[in-house]
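Participant: Below: sequence and its predicted model.
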Amino acid sequence: MSENREDLQGLLKKLEFIERQQQALQEEIRQVRSKISNAGATPDSSESNIETLSQFELEKESFKEKGEDFIRAFESASQNPVKSSKNKKWEWERFLGENLINKVGIVILIAGIAIGLKFAIDNDLISPLARIITGYFIASGLGIVAYVLFKSMKSLSAVLFSGATASAFLVTYFATEFYHFFSFWFAFVVMLSLVAITVWGALRYNQSIVALIGMVGAYAIPYLIGQEQGGATIHFGYMVLINLGLLIIAFLKNWKKVYYTAFVFTWLIFLFWYTIQSNFYEDWQTSIIFSFAFFIEFYVVFIGYCLKTREKLVPKDLLLFLTNTILYFVTGYFVLQDLSWGEKYLGLFTLSNSIWHLGAFGLVYRYRRQLPKLFYLSIGAAIVFVTLYIPVQYDASWVTILWGGEALVLFWVARRQTSDVFERLAYALIFLSIFSLVQDWSEVYFENPFHHVDQELTPFWNLYFATSLFVVIILGAVNYINLNSYPSQKLLKMKLFEIMKYLMPVLLILVVYFAFKNELDLMFKQWFDASKKSISLDNDQLTQTLHNTDILSFKRLWGMVYTFAFIILLTVLNNKRVHNVDTGLVLVVVQCLAVFAFLATGLPELDDLRTHYLDQNNWRYEVSFVHIGMRYLLLFMIAWMSWLSYKYVFAREEDRWIKNVFRVIMMVFLWWLLSDELLHWMDMARYPKAEKTLLSILWGVYALALVILGISKEVKTARIVAFLILGITLIKLFFYDLAELDTVSKTIVFIALGILLLVISYLYNRYKDLINVNEGKDDD
């Protein structure tokens with residue numbers, strides 16, 4: 001009773017489904033009739049009537065298609081009644097009895113035939129001819145039974161047919177490889193015929209299992225039974241034929257499962273042989289020929305299948321395409337690389353890979369809208385192999401130049417075609433070209449920084465500098481295109497575009513900076529190498545090699561001059577032309593960092609130059625006023641930078657905290673510079689004993705000046721910094737000066753600082769009303 005109720009519910013659902021289909025068709029009929037009547041009522045022009053009739057034809061076709069869909073849906077509903085739980089149990093039993101068991105049985109049968117033949121061979125039970133005849137007899141018997149059962153038991157017949165073809169393949173393989181009954185070409189014709197028969201059978205049965213069992217089993221079994229006596233060339237030729245049949249079936253019937261299975265088996269078998277069993281010096285031709293054959297088979301069918309079905313590619317398809325491409329390239333590359341004469345063909349081999357993909361791109365181009373992924377996959381693969389070809393074929397700077405040119409072309413095409421794929425490829429190539437440029441720099445400018453410098457390189461007139469300038473031009477062009485065009489809408493929504501929008505100008509600036517900085521360093525390194533001299537010690541018994549280390553100091557200091565000039569130029573360009581607020585703030589930060597680097601590393605270098613200048617008699621190299629004048633060139637550059645930063649920061653109405661931070665930094669820097677300048681002139685006057693005394697007084701005077709500035713200009717930050725300096729001065733006075741200074745110096749310092757503190761106190765008392773009035777105001 002419950003089963004009848006379930007069947008009734010199922011029929012009611014089907015009836016409801018058919019009624020909905022009928023209503024949809026009636027509505028479609030009504031719309032078509034309405035358009036027909038409208039076409040007859042308004043015969044204003046022949047063109048209008050033609051358009052209406054054309055539309056009617058389209059609607060009629062649509063109606064016809066929907067009618068066919070309705071009929072198919074009705075037939076499906078009538079032929080597939082709702083299954084009860086009892087029917088579901090029966091389906092499992094039916095699946096096991098009618099499908100699974102016969103497939104397992106045929107596999108076991110084929111394996112049994114193989115094992116039996118192997119046993120007969122090993123024990124010489126029957127003659128070789130009898131073995132082969134027996135094998136063909138069994139295969140024929142399976143084929144005859146399959147033919148007899150075709151109409152009554154199609155599923156079982158298909159399995160038997162696949163077993164027959166697999167057995168025939170196996171026996172032919174044995175007859176050719178083990179007993180040499182067949183010549184190579186006769187076996188080739190026989191196997192080709194078997195391939196054709198298997199293709200015909202798979203198409204006739206319309207079941208992929210025929211192809212899978214009949215053909216995959218055919219080339220898998222020789223490995224299962226062992227192939228010590230088999231040659232790789234014959235076996236791989238045998239596999240090429242099997243794949244040919246498999247791929248024809250997969251292409252005609254759209255059986256991806258067959259294609260995937262053939263792909264996995266083929267490459268696994270080949271790679272196993274290549275890595276473990278092959279003898280490189282004897283089998284390199286086999287490796288190249290058959291890796292190419294397998295690659296072409298799968299590649300052509302993949303492209304053909306995509307063009308035929310116009311299906312969207314899924315990740316599994318992309319993985320298969322890339323795996324096939326990579327395996328072929330890696331195999332061929334390693335084979336050629338290991339050959340004594342093969343290295344000169346590596347570039348040609350890499351370029352040939354690009355040509356294959358370029359050919360596929362030409363085929364796919366007209367279908368680029370229906371198959372966008374395949375379009376970009378093929379052209380992307382071609383671009384990748386062209387990119388690989390460059391370092392394989394060329395060396396050093398040419399790699400950088402060609403990669404940079406390729407990146408520019410891709411970026412231009414990307415913006416013209418609004419293609420996010422091309423633009424991302426262009427970004428990747430830009431980074432590759434910059435990486436290659438840095439590698440060139442490291443080999444010429446960075447390695448062995450102070451010894452064995454190439455004296456033949458002319459600074460600012462060599463291939464490496466020209467390469468750097470070429471990359472500058474490339475990046476400049478990319479930035480120009482970026483400013484004057486827009487990427488695709490898809491890329492606009494990605495964070496990558498936002499990152500690259502800021503990163504491209506930064507890369508341009510860095511490459512320009514280091515292009516000239518490297519040449520400047522090269523000039524000083526060559527000068528340093530040329531300063532080498534040997535002196536005799538111990539009555540000519542020992543020899544000491546010396547270099548002029550002042551050159552290294554000048555190298556670092558002139559590098560700072562160049563850096564300051566570069567920052568000044570960028571600041572002026574931004575203030576006059578670009579007017580970018582973020583860039584301006586970044587430049588202010590960079591200027592502060594550059595000044596700090598000078599204070600931390602540049603001042604000690606200047607001290608060394610001053611020492612050598614004052615001690616000329618003990619210094620073995622010539623000195624000049626440049627040793628002293630270098631200081632004031634750098635101070636001038638720092639003053640210029642600070643003035644530009646000051647103008648930029650205080651021209652902004654907002655960001656008061658930035659102004660206060662900038663004030664503090666500049667006051668600290670000036671304190672540091674004044675202190676070093678005092679020490680410098682004390683050394684120049686050869687009166688170093690007064691340094692400690694005068695340093696404390698200088699700090700007190702500087703603090704007083706900041707207090708006066710803070711009161712007169714109503715700058716609270718200056719007054720706070722003044723108190724901090726006074727605190728540090730007092731700590732120095734009591735914990736350092738008292739212990740180190742003599743009585744006269746102590747007296748001078750204490751009196752001077754006491755007077756300064758009293759003056760500061762007087763100023764605070766004198767102008768306390770003004771300070772109180774402005775206490776709540778922010779600094780301007």
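Facilitator: Perfect, thanks for sending it.
Participant: What is the neighbour count of Y136?
Facilitator: If you count neighbours by other CB atoms under 10 Å, Y136 ends up with 15. Quick note: C-beta positions are derived from backbone N, CA and C, even for glycine.
Participant: which stretches of the stretch 401-550 of the chain have low pLDDT?
Facilitator: Where the stretch 401-550 of the chain drops to pLDDT under 70, the residues are 447-455, 534-544.
Participant: any idea where the strands of it begin and end?
Facilitator: Under the criterion DSSP state E, counting those that start in this stretch, the stretch 401-550 of the chain contains strands at 533-537, 542-546.
Participant: Do I have it right that W356 meets V300?
Facilitator: No - the pair W356 / V300 is not scored as a contact, 9.9 Å apart, by CB atoms under 8 Å.
Participant: Pick out whichever of these two has more residues nearby.
Facilitator: Using other CB under 10 Å as the criterion, W356 and V300 rank with W356 on top: 20 against 14.
Participant: Convert the C-alpha atoms of the helix or strand hosting that one to CSV, please.
Facilitator: Element membership for W356, per DSSP states H and E: helix 346-364. The C-alpha trace of helix 346-364 is given here as CSV (Å, rounded to 0.1, in the frame of the first residue of the first chain):
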residue,chain,number,x,y,z
LEU,A,346,68.9,25.0,-26.0
GLY,A,347,67.8,28.4,-27.2
LEU,A,348,66.3,27.0,-30.4
PHE,A,349,64.5,24.3,-28.4
THR,A,350,63.0,26.8,-26.0
LEU,A,351,62.0,29.1,-28.9
SER,A,352,60.3,26.1,-30.7
ASN,A,353,58.1,25.6,-27.6
SER,A,354,57.0,29.2,-27.9
ILE,A,355,56.2,28.7,-31.6
TRP,A,356,54.0,25.8,-30.9
HIS,A,357,51.9,27.8,-28.4
LEU,A,358,51.9,30.8,-30.8
GLY,A,359,50.4,28.5,-33.5
ALA,A,360,47.7,27.4,-31.1
PHE,A,361,47.1,31.1,-30.3
GLY,A,362,46.6,31.7,-34.1
LEU,A,363,44.0,29.0,-34.2
VAL,A,364,42.2,30.2,-31.1
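Participant: where exactly do the helices run in the stretch 351-500 of the chain?
Facilitator: Ranges of helices in the stretch 351-500 of the chain, per DSSP state H, counting those that start in this stretch, are 372-393, 397-417, 420-441, 463-483, 489-492, 495-530.
Participant: Now do the first one against helix 420-441, angle only.
Facilitator: The reference is to helix 372-393. On the basis of axes from the mean of the first three to the mean of the last three CA atoms, to 10 degrees, helix 372-393 is oriented at 10 degrees to helix 420-441.
Participant: pLDDT on helix 372-393, on average?
Facilitator: Computed over helix 372-393, the mean pLDDT rounds to 87.
Participant: Show me what that helix is packed against.
Facilitator: helix 280-309, helix 315-338, helix 346-364, helix 397-417, helix 420-441 (3 or more CB pairs under 8 Å, 6 or more residues apart in numbering; DSSP states H and E).
Participant: what's in contact with the last one?
Facilitator: The set of residues external to helix 420-441 that reach it, using CB atoms under 8 Å, 6 or more residues apart in numbering, is 376, 380, 383, 387, 391, 396-397, 399-400, 403-404, 406-408, 410-411, 413-415, 464, 467-468, 471, 474-475, 478, 487-488, 490-491, 494, 496, 500, 504, 507, 511, 514, 518.
Participant: mind listing what's buried in it?
Facilitator: Neighbour counts over helix 420-441 (16 or more other CB atoms under 10 Å) mark 420-430, 432-434, 436-437, 440-441 as buried.
Participant: Kindly report the same for the shortest one.
Facilitator: Of the residues in helix 346-364, those scored as buried under the neighbour-count criterion (16+ other CB under 10 Å) are 346-347, 349-351, 353-354, 356-358, 360-361, 364.
Participant: just the second one next, same as before
Facilitator: Applying a neighbour-count criterion of 16+ other CB under 10 Å, the buried positions in helix 315-338 are 317, 320-321, 324-325, 327-329, 331-333, 335-336.
Participant: ok, Y464 touching F446?
Facilitator: No - Y464 is not in contact with F446 according to CB under 8 Å; the separation is 11.7 Å.
Participant: quick one: which of these two has more around it?
Facilitator: More crowded of Y464 and F446, by other CB under 10 Å: Y464, with 22 against 12.
Participant: Tell me which residues touch the residue lying closest to the more buried one once chain neighbours are set aside, please.
Facilitator: Nearest residue to Y464 in three dimensions, chain neighbours excluded: V444, at 5.3 Å (CB to CB, 6 or more residues apart in numbering). V444 is in contact with D454, L457, Y464, N518, L522, counting by CB under 8 Å, 6+ apart.
Participant: what touches both of Y464 and F446?
Facilitator: Common contacts of Y464 and F446 (CB under 8 Å, 6+ apart): none found.
Participant: What distance do you get for the nearest residue to F465 once chain neighbours are set aside to T717?
Facilitator: Leaving aside its sequence neighbours, F465 sits nearest to E519 (CB to CB, 6+ apart; 5.6 Å). Distance check for E519 against T717: by CB to CB, to the nearest Å, it reads 42 Å.
Participant: circling back to that earlier point, distance to Y767 for the helices and strands packed on helix 372-393 - can I get that in CSV?
Facilitator: CSV is the format used below for these (distance: least, CB to CB, whole Å):
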stretch, distance to Y767
helix 280-309, 85
helix 315-338, 76
helix 346-364, 79
helix 397-417, 62
helix 420-441, 58
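Participant: In the stretch 551-700 of the chain, mark out all the helices, start to finish.
Facilitator: Assigned helices in the stretch 551-700 of the chain, in chain order: 581-597, 603-614, 626-650, 656-684, 691-712 (criterion: DSSP H, counting those that start in this stretch).
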